[in-house]
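Peer 1: here are the coordinates; sequence isn't available:
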C-alpha cells in the first residue's frame, strides 16, 4: 500500500479527506468491543455517498449534468444514486 501512496500524486485537499476517513475507521474499529465487523466496505460507501451527492448537487445548484461530470459518472448513474438516497422519487 505504501507504493500506491508514493506513485499517485495527491493534492492537499485530498490528503485532508484521507486523514478524516482514516480517523473515522480507526474510531469505528476501536468501538467494536469484540464485535465482528462485516460489510465494512458497503457501510463506508453508504455513509459517504449520500453527503457526497448532496454537496455536489448543492455546488451545481441542482444541475445534474454538471454534477455527473464533477463526479465522473454518467447522468443515468447519478439519477439512480439520487433515487437510492431519496433525492428524487420515481
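Peer 2: Nice, thanks for sending it over. All values derive from a computational prediction rather than experimental measurement.

Peer 1: any figure for the gap between the residue positioned nearest the centre of the chain and residue 89?
Peer 2: Of all residues in the chain, the one closest to the mean position by C-alpha atoms, centre = their mean is residue 48, 3.6 Å from it. The spacing between residue 48 and residue 89, counted by C-beta to C-beta, to the nearest Å, is 23 Å. The C-beta positions use only the backbone N, C-alpha and C, and glycine is treated the same way.

Peer 1: follow-up on the earlier one: do you know the pLDDT at the residue nearest to the centre of the chain?
Peer 2: pLDDT recorded at residue 48 is 93.

Peer 1: that one is in what secondary structure piece?
Peer 2: Secondary structure from DSSP states H and E places residue 48 in helix 40-59.

Peer 1: helices or strands next to that helix in the packing?
Peer 2: Contact here means 3 or more C-beta pairs under 8 Å, 6 or more residues apart in numbering; DSSP states H and E; on that basis helix 40-59 packs against helix 12-30, helix 64-71, helix 75-84.

Peer 1: off-centre distance for it?
Peer 2: Centroid separation for helix 40-59 versus its chain: 4 Å, with C-alpha atoms, centre = their mean, to the nearest Å.

Peer 1: likewise stretch 64-73?
Peer 2: Counting by C-alpha atoms, centre = their mean, stretch 64-73 comes out at 14 Å from the chain centroid.

Peer 1: cool, and stretch 36-44?
Peer 2: 14 Å.

Peer 1: and it, how far apart are its ends?
Peer 2: 16 Å (C-alpha to C-alpha, to the nearest Å).

Peer 1: what lies in contact with that stretch?
Peer 2: The contact list for stretch 36-44, computed with C-beta atoms under 8 Å, 6 or more residues apart in numbering, reads 21, 25, 28-29.

Peer 1: got those as a markdown table, with distance to residue 36 columns?
Peer 2: Shown next, in a markdown table, are these (distance: C-beta to C-beta, whole Å):
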| residue | distance to residue 36 |
| --- | --- |
| 21 | 21 |
| 25 | 16 |
| 28 | 13 |
| 29 | 11 |
